[in-house]
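1. Build me a model:
(2 chains)
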Amino acid sequence: MSDQRPVQPKESEALLHRAEAEAERDPFAGVDFSALEHSIYRPRTAFSVILSWVVTAMTLLALVPLFAVLLMLIWRGGQKLSLALFTQLPPAPLEQGGGFGNAIVGTLIMVGLATLITVPLGVLTGVYLAQAPGGSKLAAAVRFSAKVLTGFPSILAGVFAYGAIVLVTGGYSAIAGGIALSILMLPTIILTSESAIGMVPAKMKEASIGLGATTTQTAWMVLLPTAMPGILTGVMLAVARAAGETAPLLFTALFSNYWIMSGGRFNLMQPTASLAVLIYNFSGMPFKNQVELAWAAALVLVALVLITNLIGQSFSRQQNLQ
Amino acid sequence: MSSVPETSRIQGPEEVKAWHAGQIWQPPSKMQLVIDSAFRGLCIAFAALTVVLIVLLVVEIGAKAIPAFREHGLSFIWGRTWDPNRDVFGILPEIWGTLYTSLLALFFGSLFGVAAAVFLSEGYMSEGIFKILKMFGVQFHPFWGKLPERCELLLKNLIELLAAVPSVVYGLWGLFVVIPLIRPWCNWIHEQFAWFPLFSTDLSGPGILPAVFVLSIMILPTITAISRDALISVPPKLRMAAYGLGATRWETILGVLLPTASRGIFGGIVLAFGRALGETMALAMLVGNANRLTVSLFSPANTLAALLANSFPEAGAREIPVLMYAALVLLAITLVVNMFGALVLERAASKSEAK
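-> All right, here's what the predicted structure looks like:
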């Protein structure tokens, strides 16, 4: 480049002028900018903006029932709320006062029974599914059955328990109710356990096997403790669902106006009260006191279910933090 | 955990000595191998039990329905009267009521459910909150900056809470709040448009419309959750490409995102249909339990699940097998719908993985 003739001052000035003129001329003179503008008055964009507002409105509208239900429960159920509700027995027709202490105990016992049945079954099935080789036909069948069971109508679980337990043992019982509930809890626990165990890092499992641990030792000492928060979330969600179920209890546990502790003995083989069935029975009665009790029971039941749900969600947050 | 041996927690010099003595890594003993195979067998047995359970459910209900099937045959499905005194049973009105209420609820539930899924997956809410925060200049503040994300999560959880409220509570709410609220409106519509088949009767209390209303609220969370997952798993490059071509946000949603996620959304809708078919308590309380074959939205009707819930506790020995037969019909319908839904979702998942 050194042998090139240096640029003369006059010539460079001319070049500069030309460049300035070039810059002043609008390079986009022929372009119609209004066509590119994102004005909301053009049909295409207006359509988009309107639909955005429609979707927002619909989402808020979908949440209205949730708040409407909760407000009504607090308003109508809250009026009746007192300690007597938790300690007294359901009133007879036309009788004033009363409570549903036996129904709370009954719900807790039957849900507890169902949890005792389903947790070992569900978690161990989850362990199997998470460890099963990819092409396993049994694993695929189990997974598919669990998914189909999640949508199984709750009333049919009741019909099954009626046929298999009530007719065989010869009477309505807390046991039959617990078994009916366990059919509804099982799929939730299986599927959440499987995904929680599947999320355990592969290197932890491999390290355990590398130290000579058997599959069983790996499962008990590495997989289950690590996946515990996720499994507990699933268990809590299943418990919350079971606590609110009515249909499977209608003709398995039936209802009872008495405590489950009769004559100092704890008897699981007798008709048992539950909050959900109490709400159903009392809501159909023409007595004001019973309807008010149904609202109070609904408030207690929803509080129970929502708290269980929130506890479950806090477990899953723990696992996410890890 | 009590089953963890002490040697697996290496802390002090004692454990370090044990480590060097080779007590930690060692081949499993014979006892451990026996326990291992027993535990594996137990896991497989429990897993197989799930499959057995489904077979057992079908066999148990089917076997109990056989006497009624022999006696009434297929005419049971076409029959329209239910009269235990004359021993005449038919469940056509119940089958019709089940399908009619479920399909109507499915229509409203999917409309609002998919809208909510789009709202959640597009991040409208965090966008709006971000804009408000920007006005105050705190959009990157350590506390306020997290607000958009938190509110989004809260909204998602709130919609899931809709599913957590027990159905009997929805029934109670429908009975004492919804029905008195909509009754004057429904009766006004009936007076004006009585010639239209959908409004041909007045709403005297429980009826199809309140039942459908509550049912659509109950299936909405299922549709929203599954649709949201499907929309989120659409590859971002598709959205970018649509924006790059100059599409507006809703042209992208309607032309690219929803069609790509359609399989997942469809699977969710089918599963929600299964839920609606089997839903019992809200319907038993709100649908009116009338053995009627009707298209009127304000008329009382009945569904299979509600029939079971209402008749089973008081059924005599003659009625039990008949109810078992009705349960078998409900079982067949819901199993087919649920299996179809599970298959569609499985296909959708495997297809998006293949991409």
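2. thought A:Val305 was touching B:Ser167?
-> No. Counting by C-beta atoms under 8 Å, A:Val305 sits too far from B:Ser167 to count as a contact (11.4 Å). Heads up, the C-betas are built off the backbone N, CA and C, glycines and all.
3. Can you pick out the residue with more neighbours from those two?
-> B:Ser167 (25 against 22; other C-beta atoms under 10 Å in any protein chain shown).
4. Whichever strand or helix holds A:Val239 - what's its average pLDDT?
-> Assigned by DSSP states H and E, A:Val239 belongs to helix A:224-244. Across helix A:224-244, the average pLDDT comes to 93.
5. tell me which residues of that helix are tucked away?
-> By 16 or more other C-beta atoms under 10 Å in any protein chain shown, the buried positions in helix A:224-244 come out as A:224, A:226-227, A:229-244.
6. Output the below-cut-off pLDDT ranges for chain B.
-> Across chain B, the ranges flagged by pLDDT under 70 are B:1-26, B:352-355.
7. Quick one: residues contacting residue 148.
-> Using chain A. Each residue near A:Val148 by C-beta atoms under 8 Å, 6 or more residues apart in numbering or on different chains is listed here: B:54, B:335, B:338-339, B:342.
8. meant chain B, my bad for not saying
-> Here B:Pro148 is in contact with B:125-127, B:129-130, B:133 (criterion: C-beta under 8 Å, 6+ apart).
9. swap in B:Glu319?
-> Neighbour list for B:Glu319: B:84, B:311 [criterion: C-beta under 8 Å, 6+ apart].
10. got the contact list for whatever helix or strand comes next after the helix holding A:Val239?
-> Downstream of helix A:224-244, the first helix or strand assigned by DSSP H and E is helix A:247-250. Here helix A:247-250 makes contact (C-beta under 8 Å, 6+ apart) with A:110, A:153-155, A:157-158, A:161, A:177, A:180-181, A:183-184, A:274, A:276-277, A:280, B:280-281, B:284, B:305, B:309, B:312-313.
11. Buried ones only from these, please, as a ChimeraX command.
-> Per 16+ other C-beta under 10 Å, the buried members of those correspond to this ChimeraX selection:
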select /A:110,153,154,155,157,158,161,177,180,181,183,184,274,276,277,280 /B:280,281,284,305,309,312
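12. mind listing which of the contacts of helix A:247-250 are in helices?
-> In helices, defined here by DSSP state H, the members of the contacts of helix A:247-250 are A:110, A:154-155, A:157-158, A:161, A:177, A:180-181, A:183-184, A:276-277, A:280, B:281, B:284, B:305, B:309.
13. So which bits of the stretch 201-350 of chain B are right by chain A?
-> B:217, B:220, B:224, B:248-251, B:253, B:271, B:274-275, B:277-281, B:284-285, B:305, B:308-309, B:312-313, B:323-324, B:327, B:330-331, B:334-335, B:337-339, B:341-342, B:345-346 (C-beta under 8 Å from any C-beta of the partner chain).
14. any chance of the contacts of A:Val148 in a markdown table, plus secondary structure, neighbour count and distance to A:Ile209?
-> What follows is the contacts of A:Val148, written out as a markdown table (DSSP: H, G, I helix; E, B strand; the rest coil; neighbours: other C-beta atoms under 10 Å in any protein chain shown; distance: C-beta to C-beta, whole Å):
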| residue | secondary structure | neighbour count | distance to A:Ile209 |
| --- | --- | --- | --- |
| B:Ile54 | helix | 18 | 33 |
| B:Leu335 | helix | 19 | 40 |
| B:Asn338 | helix | 24 | 37 |
| B:Met339 | helix | 17 | 37 |
| B:Ala342 | helix | 22 | 33 |
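15. any idea which of these is the one closest to B:Thr81?
-> Of all these, B:Leu335 has the smallest distance to B:Thr81: 27.4 Å, by C-beta to C-beta.
16. helix or strand for the closest residue to that closest one other than its chain neighbours, which one?
-> Nearest residue to B:Leu335, sequence neighbours excluded (C-beta to C-beta, 6 or more residues apart in numbering or on different chains): A:Val148, at 6.8 Å. Using DSSP H and E, A:Val148 sits in helix A:137-150.
17. in the helix or strand hosting B:Ala116, what counts as buried?
-> Element membership for B:Ala116, per DSSP H and E: helix B:92-122. Buried positions in helix B:92-122, judged by neighbour count with 16+ other C-beta under 10 Å: B:92-102, B:104-106, B:108-110, B:112-122.
18. Which strands or helices does it pack on?
-> In this structure, helix B:92-122 packs against helix A:43-72, helix B:75-78, helix B:147-164, helix B:208-232, helix B:258-278, helix B:304-311, helix B:319-354, with contacts taken as 3 or more C-beta pairs under 8 Å, 6 or more residues apart in numbering or on different chains; DSSP states H and E.
19. Let's see that with 6 Å instead.
-> Judged by 3 or more C-beta pairs under 6 Å, 6 or more residues apart in numbering or on different chains; DSSP states H and E, helix B:92-122 is in contact with helix A:43-72, helix B:208-232, helix B:258-278, helix B:304-311.
20. Next, the angle helix A:43-72 makes with it.
-> Calculated by axes from the mean of the first three to the mean of the last three C-alpha atoms, to 10 degrees, helix B:92-122 forms an angle of 120 degrees with helix A:43-72.
21. which residues touch the helix or strand following helix B:92-122?
-> Note on helix B:92-122: by DSSP H and E, the next helix or strand toward the C-terminus is helix B:124-136. Here helix B:124-136 makes contact (C-beta atoms under 6 Å, 6 or more residues apart in numbering or on different chains) with B:139, B:144, B:147-148, B:151-152, B:155.
22. How about stretch A:178-196?
-> Contacts for stretch A:178-196 (C-beta under 6 Å, 6+ apart): A:110, A:113-114, A:117-118, A:122-123, A:125-126, A:129-130, A:146, A:149-150, A:154, A:157-158, A:161, A:165, A:227, A:230-231, A:234, A:237-238, A:242, A:248, A:252.
23. CA atoms only: put that stretch into PDB for me.
-> These are the backbone C-alpha positions of stretch A:178-196, laid out as PDB (Å, rounded to 0.1, in the frame of the first residue of the first chain):
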ATOM      1  CA  GLY A 178     -60.500 -48.400  53.600                       C
ATOM      2  CA  ILE A 179     -59.900 -51.000  50.800                       C
ATOM      3  CA  ALA A 180     -62.200 -49.000  48.400                       C
ATOM      4  CA  LEU A 181     -60.200 -45.900  49.100                       C
ATOM      5  CA  SER A 182     -56.900 -47.700  48.600                       C
ATOM      6  CA  ILE A 183     -57.900 -48.600  45.000                       C
ATOM      7  CA  LEU A 184     -58.100 -44.900  44.300                       C
ATOM      8  CA  MET A 185     -54.900 -44.000  46.100                       C
ATOM      9  CA  LEU A 186     -52.700 -46.700  44.500                       C
ATOM     10  CA  PRO A 187     -52.100 -45.200  41.000                       C
ATOM     11  CA  THR A 188     -51.100 -41.800  42.300                       C
ATOM     12  CA  ILE A 189     -48.500 -43.300  44.700                       C
ATOM     13  CA  ILE A 190     -47.100 -45.600  42.000                       C
ATOM     14  CA  LEU A 191     -46.700 -42.900  39.400                       C
ATOM     15  CA  THR A 192     -45.200 -40.300  41.700                       C
ATOM     16  CA  SER A 193     -42.900 -42.800  43.300                       C
ATOM     17  CA  GLU A 194     -41.600 -43.900  40.000                       C
ATOM     18  CA  SER A 195     -40.900 -40.400  38.800                       C
ATOM     19  CA  ALA A 196     -39.300 -39.400  42.100                       C
END
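24. mean confidence for it?
-> Stretch A:178-196 shows a mean pLDDT of 95.
25. That one: how far from the chain's middle?
-> Remark: stretch A:178-196 is offset 12 Å from the chain centroid, using C-alpha atoms, centre = their mean, to the nearest Å.
26. Stretch A:281-289 too?
-> Counting by C-alpha atoms, centre = their mean, stretch A:281-289 is centred 31 Å from the centre of its parent chain.
27. That stretch near chain B anywhere?
-> Yes. Using C-beta under 6 Å from any C-beta of the partner chain, stretch A:281-289 comes into contact with chain B via A:Ser283.
28. per-residue confidence averaged over that stretch?
-> Mean predicted lDDT for stretch A:281-289 stands at 89.
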